[in-house]
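*Asks:* Structure for the following, please:
(chains A and B)
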Protein chains: 2
Amino acid sequence: MSKVERKKWSENFSEWYNELIETAGIQDKRYPVKGMNIWLPYGLKIMRNIERFVHSEMERTGHDEVLFPALIPETEFQKEADHIAGFEGEVFWVTHAGHDPLDIRLILRPTSETAMYSMFSLWVRSHADLPFKVYQIVNTYRYETKHTRPLIRVREISRFFEAHTAHDSYEDAERQIKEDLEIFDNLARFLAIPYIISKRPDWDKFPGAYYSLGAEVMMPDGRTLQIGTMHNYRQNFAKAYNIQYETETGDHKYAHQTTFGMSERLLAAVIAIHGDDRGMVLPPTIAPIQVVIVPIPKKDAEADVFAYAREIAEGLRAAGIRVHIDERDIRPGRKFYDWELKGVPLRIEVGPRDVAGRKAVLARRDTLEKLVVEREGIVEEVRKTLDAIHENLHKRAEEFLESHIKRVETIEEAKAVFEDRRGIVEIPWCGEESCGLEMEEALDAKMLGTPYPEEKAKAPEGKKCPVCGREAKFIARFARTY
Amino acid sequence: MSKVERKKWSENFSEWYNELIETAGIQDKRYPVKGMNIWLPYGLKIMRNIERFVHSEMERTGHDEVLFPALIPETEFQKEADHIAGFEGEVFWVTHAGHDPLDIRLILRPTSETAMYSMFSLWVRSHADLPFKVYQIVNTYRYETKHTRPLIRVREISRFFEAHTAHDSYEDAERQIKEDLEIFDNLARFLAIPYIISKRPDWDKFPGAYYSLGAEVMMPDGRTLQIGTMHNYRQNFAKAYNIQYETETGDHKYAHQTTFGMSERLLAAVIAIHGDDRGMVLPPTIAPIQVVIVPIPKKDAEADVFAYAREIAEGLRAAGIRVHIDERDIRPGRKFYDWELKGVPLRIEVGPRDVAGRKAVLARRDTLEKLVVEREGIVEEVRKTLDAIHENLHKRAEEFLESHIKRVETIEEAKAVFEDRRGIVEIPWCGEESCGLEMEEALDAKMLGTPYPEEKAKAPEGKKCPVCGREAKFIARFARTY
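*Replies:* Numbers count the residues shown, from 1 in each chain, chains lettered A, B, ... in the order given. Alright, predicted model coming up:
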């Protein structure tokens, strides 16, 4: 049997997570403003690796990076009615500067539609400007009144990713949503995290959206975490902010718009999904240290062991692998503990016998298995093992997700699933809001929406909505959410 | 004679600069909050290249990257008396969230001492933790009441760089200041910008500092721009925020601290210093496009010329050079104009004759000189030319700076220098604040301080302070500043 223990991880996830964020060096939660945390160097390095991938995907797909001010005038913020209704209860207000009140109050952006779109109306003039695709990674602010949790529910989202696009037609905006989903899928594979996409019910759309998609992952306690959203705004914001373009025939039309959003929740998902009772397990793609070498010298052979460790490190480094030798003067057991906590995917142990026999011991963080390898060919062996770790993490998480999605037909069955807060329940649904809300109430759960793409959303023939008893049109997903 | 014209650049710099920021695609100034501008993709790319160098220097010197919240509670902000006195007139206040007033008001950080140092008091415990070196690149806010100007004087400094360190002694803090100066010098050479370092007079220190150093560059209109600062705080903040460490003998001592700050003014300096009447001239180190290839096809040979351009581009790209082919369907003259405005350091023109003769024309942006080169060996030629451009930019700027520093002995001489707002004046000074302030008043200029390192600050023997007539101790520098 595997030595991997995931008892605390699954049974007391909340405590496990809150401790780990600090002990593994991700964030310090002692900053004296509730819901605002400090990124520590190690956590920030991991996040930067995630961001680097996002930047490269944005570049690949022709999005330009921009950077808007964090402050939005009240007057701009108020132009789109649904949007302000959705956000005004949770924005921070800047009312004074120096010793004086401001003429026009400013909000700290909760998201940047209202900052960007009056500029879009200046930038987008002609059909030749379309599609227009920009993105930024910035700090945003929401006055969360619920319980806050690092990286997951915070008042300062310090790594908020938002792409905003404008198009000449609904069809082209739809093509953009497809591209967003492709980017998201690449990113999820890069992070080894399986996910599901749901189309949100109308009552839970992003304020101002025509429709909203959400990407959810399964957390260790069976609750879901939304880690990405894509919204098709149709012409809703374009009309509020007057984003018009001249067509080839000289007409003026409102642009169609979409957005795509993510945040440091991506890192929360990675930490939560891959972890175990010993701490984090990082996918090699984003691990600041992919391989840690722990020399285990005997008294009479210290120099040899260290020299051997350095020789191996050099070879790995030359092959582009991020490697670190732990030369601290503490016991090896303590070093193992530290690097397991920090999720370094692969540990190499070298002792005098390894030096003599030109060997080394590889210890996988995901399975905790050990493997003796030859010094020759160690680079290839390490590379193969890192790939295998990535694949295994993805597979294990996929099995976890799949085993936590249950399709049922009655409210009672659904309740039974939620009894121990386990996973996602799929129930036939007639499509009426009242029935959906009644199910949310009965299950004390949120409707994530219907499976996406839409061909997957249809209920099988003959299924009934368990609330009204009418023919079910859709499959609706419910979950307890973060 | 060179074709390089710098008439508008020098005689009407302010207008030149304000136009260029928008026409060259650096920032859009139409955002509806005064002093807050939008980074456009091209400008942001240049800034990212500058930041990348800063990150690598920080890593080289053992600084860890952190990220603090942008909001600071009023209670933390008020712990250091000089600091709050210096900043309280220019901070933005967050007073409400959602529909309610906050219990404790928050400021938007103008700089992060007061955000960081209560955490430093938790992080720094023992002499083994020292030196402690962190940095971040973040958005900061100052309610500027003076005339604002993009990248130079803004209410949102969106790329504020700040390194903060703690040390076990004054000597180690001094060593840190030296390291900061070395980092700054590497960066300035990377940007091809010459500068001077001055030790600020006591009345112009950073609020809370024991002493402050400032790095200035010479702008085209003879005014100076501060683009970097280094502060030694001694134990001033450590006492206010209780940053103590245990010594090897078990005593508790307050840490010594320093900071090092820069911002997007670095980019302003690059734009201003190297520009000419045609637009920007970017040092190849930070140019998003180092080489632009403009195909100049004749009607009968289009395919050949484009193929030849692509072949050259591929060779350059393989050599790690950032190259772009302008295949737009507009006249070559228009293309030249665009890329000159955007400061691309080197243009390659290829026409049918070049294809036939296996040649190409290199056009340098800095000197506007053209050079015919062989297709074979073009990569080497381009590399050499890019290096020559960098060197020439630095040399030209150095001459400009040197020719704008004048040493004088009387107020009248100094006034004559400032008559047309030209440059830096160095005057003997007794060291008394009253005399310094009187000179500032008489010259309508700011005392930048005394030359640094301090051995350069001493007045030559026998020189008198022109205000009080006493023996001069120092050379004091005065300038009209941005």
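
*Asks:* Please state the offset of the host helix or strand of A:Arg334 from the chain centre?
*Replies:* Assigned by DSSP states H and E, A:Arg334 belongs to helix A:332-341. Centroid separation for helix A:332-341 versus its chain: 27 Å, with CA atoms, centre = their mean, to the nearest Å.

*Asks:* Report the next helix or strand after that helix in sequence order.
*Replies:* According to DSSP H and E, the helix or strand after helix A:332-341 is strand A:346-350.

*Asks:* Which element is encountered next along the chain beyond that next one?
*Replies:* helix A:352-357.

*Asks:* Dump that next one to CSV, keeping only the CA atoms.
*Replies:* Only the C-alpha atoms of helix A:352-357 are listed here, as CSV (Å, rounded to 0.1, in the frame of the first residue of the first chain):
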residue,chain,number,x,y,z
PRO,A,352,28.6,7.6,0.7
ARG,A,353,27.4,4.3,-0.8
ASP,A,354,25.8,6.2,-3.7
VAL,A,355,29.1,8.0,-4.3
ALA,A,356,30.9,4.7,-4.3
GLY,A,357,28.4,2.9,-6.5
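
*Asks:* buried set for it?
*Replies:* A:352, A:354-355 (16 or more other CB atoms under 10 Å in any protein chain shown). (Glycine included, C-beta is placed from N, CA and C.)

*Asks:* On the pLDDT front, check the closest residue in space to A:Val270 that isn't next to it in sequence for me.
*Replies:* Leaving aside its chain neighbours, A:Val270 sits nearest to A:Leu191 (5.3 Å; criterion: CB to CB, 6 or more residues apart in numbering or on different chains). With respect to pLDDT, A:Leu191 scores 98.

*Asks:* Return the distance of A:Leu191 relative to B:Arg265.
*Replies:* Using CB to CB, to the nearest Å, one obtains 37 Å as the distance from A:Leu191 to B:Arg265.

*Asks:* repeat for A:Glu182
*Replies:* Using CB to CB, A:Glu182 is found at 40 Å from B:Arg265.

*Asks:* what residue of chain A is the furthest out?
*Replies:* Distance from the centre of chain A peaks at A:Asp300, with 48.9 Å (CA atoms, centre = their mean).

*Asks:* picking that back up, just confirm yes or no for the helix holding A:Arg334 near chain B.
*Replies:* No: using CB under 8 Å from any CB of the partner chain, helix A:332-341 stays clear of chain B, with a minimum separation of 16.0 Å.

*Asks:* Do a quick rundown of the helices in the stretch 251-400 of chain A.
*Replies:* For the stretch 251-400 of chain A, helices defined by DSSP state H, counting those that start in this stretch occupy the ranges A:265-274, A:302-318, A:332-341, A:352-357, A:378-402.

*Asks:* I'd like the average pLDDT over the longest one.
*Replies:* What that stands for is helix A:378-402. Mean predicted confidence for helix A:378-402 is 98.

*Asks:* List the buried residues in it.
*Replies:* A:378-379, A:381-383, A:385-386, A:389-390, A:392-394, A:396-397, A:400-401.

*Asks:* After the strand or helix carrying A:Ile72, which helix or strand is next? Please name it.
*Replies:* Using DSSP H and E, A:Ile72 sits in strand A:71-73. Sequence order places helix A:74-77 as the next helix or strand after strand A:71-73, per DSSP H and E.

*Asks:* Alpha carbons only: can I get that following helix in PDB?
*Replies:* Taking C-alpha atoms only, helix A:74-77 is exported to PDB below (Å, rounded to 0.1, in the frame of the first residue of the first chain):
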ATOM      1  CA  GLU A  74     -18.300  56.800  -9.200                       C
ATOM      2  CA  THR A  75     -19.700  58.400 -12.400                       C
ATOM      3  CA  GLU A  76     -18.100  55.800 -14.600                       C
ATOM      4  CA  PHE A  77     -19.000  52.900 -12.300                       C
END
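
*Asks:* same for that helix, what does it pack against?
*Replies:* strand A:100-108, helix A:113-123 (3 or more CB pairs under 8 Å, 6 or more residues apart in numbering or on different chains; DSSP states H and E).
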